[in-house]
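Peer 1: Sequence first, then the predicted structure:
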Amino acid sequence: MPDSELAVQLRTYEQGLFCLHRKEYTGARELFRRLIDQSSGQLLDQQVGFYLGLAAAHKELGEAPRRSGRSRTPASPPWRSRIPSPGGSSPSTLCALFRIWKREEESRDWREFLHRFDVPKKTLDLFLERSRRMVEKSVELRRVFLL
């Protein structure tokens, strides 16, 4: 993917997060759907964020998420592209989301995955702190809050 397309994609992703934070869930849903549709057929690290954003929008709208043929599990991480630091960011987000949604076993699986991830302890601590803060802020706001 050319750098210019990546920049546009990341801007749209940030707009989607901004919509989530402003409780504009329909707009967020549409932005994340567009990103997923535009990146279909590609295996990109940033797609994890697109699916997480879409799931959060669906959850806040009370909708069932649109199913995809792709599976994102600890056994099959999708991180292969050149995005700087996706490795622990996505699992820490998943850990937080599953805690927020009271799915403790899945949250624990992603937390364990983070502990097996080959990163320095300080980096691991930052990923876990990021997850903790997302849960804390989501509880405080009574809605999903992604970082």
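Peer 2: Received it, and whenever you're ready, just let me know what you need.
Peer 1: which residues sit in contact with L114?
Peer 2: By CB atoms under 8 Å, 6 or more residues apart in numbering, the contact list for L114 reads G88, P91, S92, C95, L124, F127, L128. All C-beta spots, glycine's among them, are computed from the backbone N, C-alpha and C.
Peer 1: want to throw these into TSV with secondary structure, pLDDT and neighbour count?
Peer 2: Below are those laid out as TSV (DSSP: H, G, I helix; E, B strand; the rest coil; pLDDT from 0 to 100; neighbours: other CB atoms under 10 Å):
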residue	secondary structure	pLDDT	neighbour count
G88	helix	56	21
P91	helix	81	25
S92	helix	85	26
C95	helix	88	27
L124	helix	83	16
F127	helix	85	23
L128	helix	89	17
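Peer 1: These: which two are farthest apart?
Peer 2: C95 and L124 (11.9 Å; CB to CB).
Peer 1: just checking, what packs against the lowest-mean-pLDDT helix or strand in the chain?
Peer 2: Using mean pLDDT, DSSP states H and E, helix 86-100 stands out as the lowest-scoring helix or strand of the chain, at a mean of 78. In terms of contacts (3 or more CB pairs under 8 Å, 6 or more residues apart in numbering; DSSP states H and E), helix 86-100 is packed against helix 47-61, helix 104-116, helix 121-141.
Peer 1: Quick check: buried residues in the first one?
Peer 2: Of the residues in helix 47-61, those scored as buried under the neighbour-count criterion (16 or more other CB atoms under 10 Å) are 47-60.
Peer 1: follow-up on the earlier one: what angle do helix 47-61 and the least confident helix or strand of the chain make with each other?
Peer 2: Orientation check (axes from the mean of the first three to the mean of the last three CA atoms, to 10 degrees): helix 86-100 against helix 47-61 gives 20 degrees.
Peer 1: Restrict helix 86-100 to CA atoms and write it as CSV.
Peer 2: Taking C-alpha atoms only, helix 86-100 is exported to CSV below (Å, rounded to 0.1, in the frame of the first residue of the first chain):
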residue,chain,number,x,y,z
PRO,A,86,0.6,-3.0,16.3
GLY,A,87,1.8,-6.1,18.1
GLY,A,88,0.7,-5.3,21.7
SER,A,89,-1.8,-2.6,20.9
SER,A,90,-4.5,-4.8,19.4
PRO,A,91,-4.3,-7.5,22.0
SER,A,92,-4.4,-4.9,24.8
THR,A,93,-7.5,-3.4,23.2
LEU,A,94,-9.1,-6.9,22.9
CYS,A,95,-8.3,-7.6,26.6
ALA,A,96,-10.0,-4.4,27.6
LEU,A,97,-13.0,-4.8,25.3
PHE,A,98,-13.7,-8.3,26.6
ARG,A,99,-13.5,-7.1,30.2
ILE,A,100,-15.8,-4.3,29.5
